[in-house]
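Colleague: Quick check, what structure comes out for this input:
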Amino acid sequence: MMQNVHLAPEEDEDDLYSGYNDYNPTFDTEDLENDIAFQQAARTSHGRRPPVTAKIPGTATSRPIDTAFGSKATLTSSMGRPVTGAVQDGVARPMTAVQAAGYTKAAMRGSLFDPLGQARGPAPPLEMKSPDSSEEKIRQLEKKVNELVEESCIANSCGDLKLALEKAKEAGRKERVLVRQREQTATSDSINLDLTYSVLFNLASQYAANEMYAEALNTYQVIVKNKMFNNGGRLKVNMGNIYLKQRNYSKAIKFYRMALDQIPSVHKEMRIKIMQNIGVAFIKTGQYMDAISSFEHIMSTSPNLKAGFNLIVCYFAIGDSEQMKKAFQKLIAVPLEVDFDDKYVSPNDDPHTNLLIEAIKNDSLRQIERERKSMAEDYIMTAAKLIAPVIETSFAVGYDWCVEAVKASHYVELANDLEINKATTYLRQRDFNQALETLKMFEKKDSRVKSAAATNLSFLYYLENELAQATNYADLAVSSDRYNPAALTNKGNTVFANGDYEKAAEFYKEALRNDCSCTEALYNLGLTYKKLNRIDEALDCFLKLHAILGNSAQVLHQIADIYEIMEDPNQAIEWLMQLISVVPTDPHVLTKLGKLYDNEGDKSQAFHYYYESYRYFPSNIEVIEWLGAYCIDTQFCEKAIEYFERAALILPTQVKWQLMVASCYRRSGNYQKALEKYKVIHQKFPENVECLRFLVRLCTDMGLKEVQEYMTKLKKVEKLKEIREQRV
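Modeller: Purely as a prediction, here's the structure:
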């Protein structure tokens, strides 16, 4: 058996894996560019012949089979090439199935494994576009236009309307340049219509803000007439607003209606606002029935306070009392959409809850709620005051109907305010007894209403100079509501009237601590500091008031007066000049300015302001005297006569002014007129020594016979005067 068994020789034990790592230059593709035979084959048709198919005769038996008893034979594929992994001429064919994963012949020669090609280094930088290219120029110009539009809007929001208009115009110019450049580069199809629309719309808005209405209308027309702008028709609302400002109400109505036709019904809120504008325009033109139809439609579709109030005004204008009542009920039925104040009261002592409530007590949403509530109260109160005298037989009955209607609505808190307003209306009608009775009804109401009523009662008695009653009701008002600034101010007034300025200042300060916007308390505090000679503190109060109230004539006058007390005439003049811009016809202020300029030695400016004061109030003796004296000093005696005659007319019992007239005649050389005037004065005032002396002098100078007569009278009058002085 063993003789047929042949063992493999020992030296061939490793033959199975021999030559696997050997390298044959035949398979080197890196030097193919230098291989002449390969390049020749690639250029000839032989290199482009189709591959040989499996049609070549050959069977499995034609290939020698490698066995364990002999050496391995070369394996070939059906196409005649060596199979993968087969050894031919001592070299193994590479494993092409894994070449894509990075296992290449280069790896066999010791190079690094780099399947991601990281050894090649970073990618080259992107090619920079040339800044001189037309596309880049267009893009930069478009960016600049957008920036200009934004700057224009920001300037408008900051109140710099002139700068906003300049930026809008510049944006318009650059946008036109942009369109021309697109047309020149044959890219007119890519014109940015949204940018054109925004530029034109912003320009029109800035024109309107600067009250350049003709230019604004022309710009809006450009947008509206361009069919490429989808929503351009809506801007007819803006055009209507401009016509309304120009009081061209018929055109305003026309454009509002055109805009209304172009706005779809889904935009309900916008349509309601336009209809409201149409109603207002009808009111302006006196077409109340058309206005009523607009406002009735609004109140039936989407009721609001403004439309309800305007509806009441229309019915009031046509005198329909029944419809006024219905409209008032519709007004108070409009929901306020404001949360109750309960949410701002902490239900427990939780510090986190208290912090949250403290944070939202005066946030922007809370301020909006306050504004909305205040607006609703104003509309309802004004409407009640308007219709109360005409809806019933008397004002009181009409007001009572309004109060009952409000009590039945969700504005029930306003009922008490209406009652107090009723008392105020009685005051305006000078019916003090009815006002007192109405206010005294609140003495048994809750503390807030009682405090308001007592405050009004205190003020009434204060005006009537009944300080005891005023003090009693001021105390009642403060005790009912210690945080009522009006009550504290009234209490301070009563204390001030009694001369206790320190205590009055404390009440005014407490009122300001409760409500820092209580301008009455701040003004009175300034007056109190003036009385206490605390001038710097008084000035601080009035400067704060000036910051709050702006151009208040009273505040400006007080500031100027304080600077005058502080002996700073330049500052006093500066503040008085501001005051003149507010009240240009106030003769007292003009006189004060003349006086300050006179003290400074500027006679020409002093004369200007004294003369302006005289023009507006020709009965001020102080001004007349100054003007007459100024004319005498400047050798215009004839002009001085006019002023002194006016003074003599105002004060006919005072001989001084008539003597001044006669003196002016004498100074101007008109001795005959002077003599006649002195004679008239002597007839009216026969015991006037000065008149007799001038008569004696004039008669002597003119050589008249009456000189002896006047000398005798002069001696008698002087003797009587001496006797009287001796008796005294």
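Colleague: From now on I want contacts and neighbour counts done on CA atoms only, so please keep to that.
Modeller: Will do.
Colleague: Count the residues that sit near residue 251.
Modeller: 18 (other CA atoms under 10 Å).
Colleague: ditto for residue 596
Modeller: Residues lying near residue 596 (other CA under 10 Å) number 18.
Colleague: separation between it and residue 308?
Modeller: 55 Å (CA to CA, to the nearest Å).
Colleague: what's the answer for residue 424, then?
Modeller: Distance, residue 424 to residue 308, by CA to CA: 25 Å.
Colleague: quick one: which of the two has more around it?
Modeller: residue 308 (25 against 20).
Colleague: contacting residues around the more buried one?
Modeller: 295, 299, 327, 328, 330, 331 (CA atoms under 8 Å, 6 or more residues apart in numbering).
Colleague: repeat that with 6 Å
Modeller: residue 331 (CA atoms under 6 Å, 6 or more residues apart in numbering).
Colleague: just residue 479 next, same as before
Modeller: Applying CA under 6 Å, 6+ apart, no residues contact residue 479.
Colleague: please redo it, this time with the cut-off set to 8 Å
Modeller: Contacts of residue 479 by CA under 8 Å, 6+ apart are residue 451.
Colleague: In what element of secondary structure is it found?
Modeller: Using DSSP states H and E, residue 479 sits in helix 467-480.
Colleague: any idea of the mean pLDDT in that helix?
Modeller: Averaged across helix 467-480, the pLDDT comes to 82.
Colleague: The very next helix or strand once past it relative to helix 467-480, how many degrees between them?
Modeller: Counting by DSSP H and E, the element after helix 467-480 in chain order, helix or strand, is helix 485-497. On the basis of axes from the mean of the first three to the mean of the last three CA atoms, to 10 degrees, helix 485-497 is oriented at 150 degrees to helix 467-480.
Colleague: buried ones in helix 485-497?
Modeller: Judged by neighbour count (16 or more other CA atoms under 10 Å), helix 485-497 contains these buried residues: 485, 486, 487, 488, 489, 490, 491, 492, 493, 494, 495, 496.
Colleague: and if you look at stretch 512-525?
Modeller: Within stretch 512-525, the residues that qualify as buried are 512, 518, 519, 520, 521, 522, 523, 524, 525, counting by 16+ other CA under 10 Å.
Colleague: ok, residue 543 touching residue 559?
Modeller: Yes. When contacts are counted by CA atoms under 8 Å, residue 543 is listed as touching residue 559 (7.3 Å).
Colleague: quick one, which of those two is more surrounded?
Modeller: residue 559 (23 against 18).
Colleague: and the gap between the more buried one and residue 484?
Modeller: 28 Å.
Colleague: tally of neighbours for the residue nearest to residue 623 when sequence neighbours are not counted?
Modeller: Counting by CA to CA, 6 or more residues apart in numbering, residue 610 is the residue found nearest to residue 623 once chain neighbours are left out, at 6.2 Å. Residues within reach of residue 610, counting by other CA under 10 Å, total 26.
Colleague: Quick one: mean pLDDT for the host helix or strand of residue 610?
Modeller: Element membership for residue 610, per DSSP H and E: helix 603-616. Helix 603-616 carries an average pLDDT of 91.
Colleague: Tell me the helices and strands packed up against it.
Modeller: helix 587-599, helix 621-633 (3 or more CA pairs under 8 Å, 6 or more residues apart in numbering; DSSP states H and E).
Colleague: Let me know which of those helices is the nearest to residue 668.
Modeller: Nearest to residue 668 among those is helix 621-633; the distance by CA to CA comes to 9.7 Å.
Colleague: The closest one: which residues count as buried?
Modeller: 621, 623, 624, 625, 626, 627, 628, 629, 630, 631, 632.
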